[in-house]
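**Q** just coords:
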């Protein structure tokens with residue numbers, strides 16, 4: 001067996017398959033997650049539980065999937081020795097298990113699976129596509145295997161355990177944090193159940209005593225009591241519903257609020273690796289968790305109580321009829337197990353396809369100009385309809401399963417009712433029970449079968465809630481950026497920034513650049529140019545600490561910026577991004593976001609210098625006018641000038657402009673250049689990333705990705 005570069009071999013023996021406390025059957029979340037799911041499975045085998053979302057960050061999994069290098073890099077980050085090899089069939093019987101194999105499916109899909117053993121012409125694999133173990137013939141496996149295998153064994157620093165709390169533990173916390181209100185809801189439900197049993201008792205008394213004795217006063221009294229019980233039942237239902245609504249609102253606020261606060265603090269790579277619809281779909285996951293707790297779980301708790309209470313009542317009335325009725329319980333349990341196994345797969349698929357459909361809609365709305373200009377209405381509508389078809393296909397499958405499950409439970413329930421009616425009739429004929437006792441037992445049997453049916457058919461809601469919880473909590477388990485700790489500079493105006501042998505590569509990708517040596521000085525404009533894709537914008541993300549260099553370091557006044565407090569560091573930098581990133585709100589809010597009382601005179605001067613005065617005059621409310629979602633009412637050039645105005649108003653000592661003038665006409669560009677030079681003259685460090693040749697006219701120092709040019713300096717290599 002050879003490594004990809006032709007070197008290396010593996011002669012290690014297979015170790016027996018056993019599990020260290022966590023299930024190795026891991027199902028991928030979407031079509032691009034198979035590599036991450038395989039790492040999760042291998043980690044679980046060795047005793048480390050990892051969420052797929054965390055693995056995605058370390059493997060740089062995106063909509064295109066994961067490279068072999070990405071899997072190797074991620075595995076090493078989690079404490080494994082990992083290496084990719086090319087192997088032959090004979091090696092499959094010798095390599096240590098579990099290992100990850102690369103497949104080329106007949107459909108053309110590239111895929112990863114986990115090899116858990118090969119013996120006697122068969123292989124055992126865990127396929128993340130369905131999260132199940134499969135034993136397949138070696139011939140079938142070889143038809144899809146690309147010959148690539150990734151070996152993973154724990155290193156010395158490998159640590160067992162769980163990354164984050166389990167879903168069950170998190171759900172228990174949510175329940176306990178609302179235990180007082182949920183307890184009140186439970187008590188009202190118990191009282192409602194007891195009221196139902198009271199009605200059965202009244203019916204027995206009326207049929208056995210009052211009617212045969214002809215007591216009209218007793219009949220009237222009993223009827224009034226029954227009506228009173230009905231009224232109390234309605235009141236209890238209203239109280240319970242009100243309590244559960246309040247609990248639901250609290251859970252929504254807690255989960256959605258926590259998700260939003262955590263989401264905005266996640267590193268930039270989180271957003272790069274996910275589509276918008278996938279991120280926003282977690283909001284609806286929170287609603288599913290709330291529904292599961294306030295609806296399904298509370299119903300299950302009440303159903304269990306009703307079941308126990310009705311069993312006691314049934315045995316009190318007639319043990320002879322109660323004992324045979326117990327035979328229905330195993331039937332309902334079997335139905336629940338079958339339904340739960342089915343729903344475990346289909347509910348996650350529905351959520352994933354729902355997120356995909358949501359993302360297609362968002363993508364289509366955002367790209368409406370491209371659609372119109374290219375005449376692509378049918379194409380983009382077709383993509384949305386395909387995503388909708390896949391979603392509805394899964395939804396239909398889930399609904400069909402729910403219908404079958406409900407029908408089976410209902411059939412079992414009615415079969416039990418028929419059995420009780422027959423057996424009760426026999427008992428009455430024998431004189432063992434009275435007509436009243438039969439009616440009471442018949443009423444109670446409905447209270448016995450109702451919770452059984454609810455328990456048997458609760459699987460879809462429970463599974464939907466747990467799947468939603470796993471999707472939401474795995475994002476909450478991701479490590480957010482830390483704004484605590486770190487030093488501050490002795491001067492809030494750094495004199496220079498230096499790149500010292502800086503290199504960067506995305507996990508699982510080739511090195512983007514290496515050995516970058518740059519210096520950005522106060523009172524100078526430094527220009528970074530180069531071909532598209534050479535890493536100019538990545539340099540900006542390194543300077544702003546959205547990412548970390550994979551080699552070398554960056555200093556501010558000889559202090560490594562990684563040692564500087566992150567919040568403080570970003571306050572020192574104002575950035576004009578490639579895309580203006582305006583938001584729905586007023587022009588004022590876009591120029592001075594988050595500032596309650598902005599300096600209107602200063603904003604007016606900045607807008608004048610950037611040629612925005614005429615725009616402001618044309619707006620109905622001036623700077624207080626709403627500019628629409630994403631600044632939709634403004635032209636591309638106007639949006640860029642607003643973004644520049646925002647950065648200038650921030651008045652940070654470091655100004656970075658990343659292709660911030662690409663959409664400006666020549667006149668507007670000259671105005672922007674004048675503003676940029678004035679910022680330099682105020683003693684700021686100004687860094688401009690641009691393709692435009694005429695930008696060199698304002699630069700004091702020019703860096704080209706590959707070479708360094710500075711007035712009076714000789715050309716020196718920059719990137720390898």
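**A** Yep, it's here. In this text, all values refer to a predicted model and were calculated from it rather than measured experimentally.
**Q** Can you verify residue 552 is assigned to a helix?
**A** No - under DSSP: H, G, I helix; E, B strand; the rest coil, residue 552 falls outside any helix and is assigned strand.
**Q** Am I right that it is in contact with residue 501?
**A** Yes - Residue 552 lies in contact with residue 501 (CB atoms under 8 Å); the separation is 3.6 Å. C-beta here means a position set from N, CA and C on the backbone, and glycine is covered the same way.
**Q** the more surrounded of those two?
**A** residue 552 (16 against 12; other CB atoms under 10 Å).
**Q** rewinding a little: quick one: common contacting residues for residue 552 and residue 501?
**A** 515, 516 (CB atoms under 8 Å, 6 or more residues apart in numbering).
**Q** Contacts for stretch 155-174, please.
**A** Stretch 155-174 is contacted by residues 20, 22, 46-51, 54, 76, 78-81, 251, 254-255, 289, 292-293, 465-466, 469-470, 473-474, 476-477 when judged by CB under 8 Å, 6+ apart.
**Q** Okay, strands next: where are they in the stretch 201-350 of the chain?
**A** Counting by DSSP state E, counting those that start in this stretch, the stretch 201-350 of the chain forms no strands at all.
**Q** give me the low-pLDDT residue ranges for it?
**A** 204, 344 (pLDDT under 70).
**Q** and if you look at the stretch 51-200 of the chain?
**A** For the stretch 51-200 of the chain (pLDDT under 70), the answer is 164, 200.
**Q** from memory residue 283 sits against residue 257, does it?
**A** No - judged on CB under 8 Å, residue 283 makes no contact with residue 257 at a distance of 10.8 Å.
**Q** So for these two, which sits in the more crowded spot?
**A** For residue 283 versus residue 257, neighbours defined as other CB under 10 Å are more numerous around residue 283 (15 against 11).
**Q** show me what contacts the more buried one?
**A** Contacts of residue 283 were listed using CB under 8 Å, 6+ apart, and they are 256, 259.
**Q** One more: residue 126?
**A** 24, 25, 26, 38, 41, 98, 113, 114, 116, 132, 133, 134.
**Q** Pick out the most distant pair among the residues you listed.
**A** Using CB to CB, the two most remote members of those are 98 and 132, lying 14.8 Å apart.
**Q** More neighbours: those two, which one.
**A** Neighbour totals were compared for residue 98 and residue 132, and residue 98 leads with 27 against 12 (other CB under 10 Å).
**Q** so how far is residue 44 from that one?
**A** 10 Å (CB to CB, to the nearest Å).
**Q** With residue 364 as the reference, measure out to residue 593.
**A** Using CB to CB, residue 593 is found at 28 Å from residue 364.
**Q** more neighbours, those two?
**A** When neighbours are counted by other CB under 10 Å, residue 593 and residue 364 differ, and residue 364 comes out ahead with 17 against 14.
**Q** Contact partners for the residue nearest to that one when sequence neighbours are not counted?
**A** Distance criterion CB to CB, 6 or more residues apart in numbering; nearest residue to residue 364, sequence neighbours excluded, is residue 380 at 5.0 Å. For residue 380, the contacting residues are 364, 367, 371, by CB under 8 Å, 6+ apart.
**Q** returning to that earlier point: if you rank the contacts of residue 126 by neighbours, which is first?
**A** residue 38 leads these on contacts (other CB under 10 Å) with 32 neighbours.
**Q** tell me what the host helix or strand of that residue is packed against?
**A** Here residue 38 sits within helix 34-45, counting by DSSP states H and E. For helix 34-45, the packing partners by 3 or more CB pairs under 8 Å, 6 or more residues apart in numbering; DSSP states H and E come out as helix 52-59, helix 68-77, strand 99-104, strand 110-119.
**Q** mind running it again at 10 Å?
**A** With contacts taken as 3 or more CB pairs under 10 Å, 6 or more residues apart in numbering; DSSP states H and E, helix 34-45 sits against strand 48-49, helix 52-59, helix 68-77, strand 80-86, strand 99-104, strand 110-119, strand 122-127, strand 145-154.
**Q** any idea how far stretch 316-331 is from the chain center?
**A** 46 Å (CA atoms, centre = their mean, to the nearest Å).
**Q** Need the contacts of residue 126 in CSV (columns: distance to residue 220).
**A** Converted to CSV, these look like this (distance: CB to CB, whole Å):
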residue, distance to residue 220
24, 68
25, 64
26, 66
38, 74
41, 70
98, 76
113, 74
114, 74
116, 74
132, 64
133, 68
134, 70
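**Q** Go through the residues you listed and name the one nearest residue 264.
**A** residue 26 (28.7 Å).
**Q** what about that closest one, distance to residue 40?
**A** Residue 26 is 5 Å from residue 40, where distance means CB to CB.
**Q** Name the residues contacting each of those two.
**A** The contact sets of residue 26 and residue 40 overlap at 33, 49, 50, 52, 114, 128 (CB atoms under 10 Å, 6 or more residues apart in numbering).
**Q** ranking these by neighbours, who comes first?
**A** residue 114 (28 neighbours).
**Q** Domain map for the protein?
**A** For the chain, automatic domain parsing gives the domain ranges 34-162, 167-476, 496-717.
**Q** Do I have it right that residue 399 meets residue 342?
**A** No - counting by CB atoms under 10 Å, residue 399 does not reach residue 342; the two are 11.9 Å apart.
**Q** Among these two, which residue is more densely surrounded?
**A** Set side by side, residue 399 and residue 342 show more neighbours around residue 342, with 20 against 14, by other CB under 10 Å.
**Q** so how many other residues sit close to the nearest residue to the more buried one once chain neighbours are set aside?
**A** Leaving aside its chain neighbours, residue 342 sits nearest to residue 401 (5.0 Å; criterion: CB to CB, 6+ apart). Neighbours of residue 401 under the rule other CB under 10 Å: 19.
**Q** same check, this time on residue 91
**A** Neighbour tally, residue 91, other CB under 10 Å: 18.
**Q** in a helix, that's where it is, yeah?
**A** Yes - under three-state DSSP, residue 91 falls within a helix.
**Q** Distance of residue 305 relative to residue 396?
**A** Applying CB to CB to residue 305 and residue 396 gives a distance of 35 Å.
**Q** Make a ChimeraX selection of whichever of the contacts of stretch 155-174 turn out to be buried.
**A** For the buried members of the contacts of stretch 155-174, the matching ChimeraX selection, counting by 16 or more other CB atoms under 10 Å, is:
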select :22,46,47,48,49,50,51,54,78,79,80,251,255,289,292,293,465,466,469,470,473,474,476,477
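**Q** looking just at contacts, which helices and strands does the helix or strand hosting residue 604 meet?
**A** Assigned by DSSP H and E, residue 604 belongs to helix 600-609. Under the contact criterion of 3+ CB pairs under 10 Å, 6+ apart, helix 600-609 touches helix 587-591, helix 613-618, helix 636-650, helix 666-681.
**Q** If you count contacts, what does the shortest one end up packed against?
**A** Read it as helix 587-591. Checking 3+ CB pairs under 10 Å, 6+ apart, helix 587-591 ends up next to helix 600-609, helix 613-618, helix 636-650.
**Q** residues in contact with it?
**A** Taking CB under 10 Å, 6+ apart as the rule, helix 587-591 contacts 580-584, 595, 598, 600, 602-603, 606-607, 612, 615-616, 619, 621-627, 631, 633-634, 638-639, 642-650.
**Q** Residue 61 contacts residue 73, doesn't it?
**A** No - contact between residue 61 and residue 73 fails when scored by CB under 10 Å: they sit 11.1 Å apart.
**Q** where do the strands sit along the stretch 351-500 of the chain?
**A** If DSSP E, counting those that start in this stretch is used as the criterion, the strands of the stretch 351-500 of the chain fall at 496-505.
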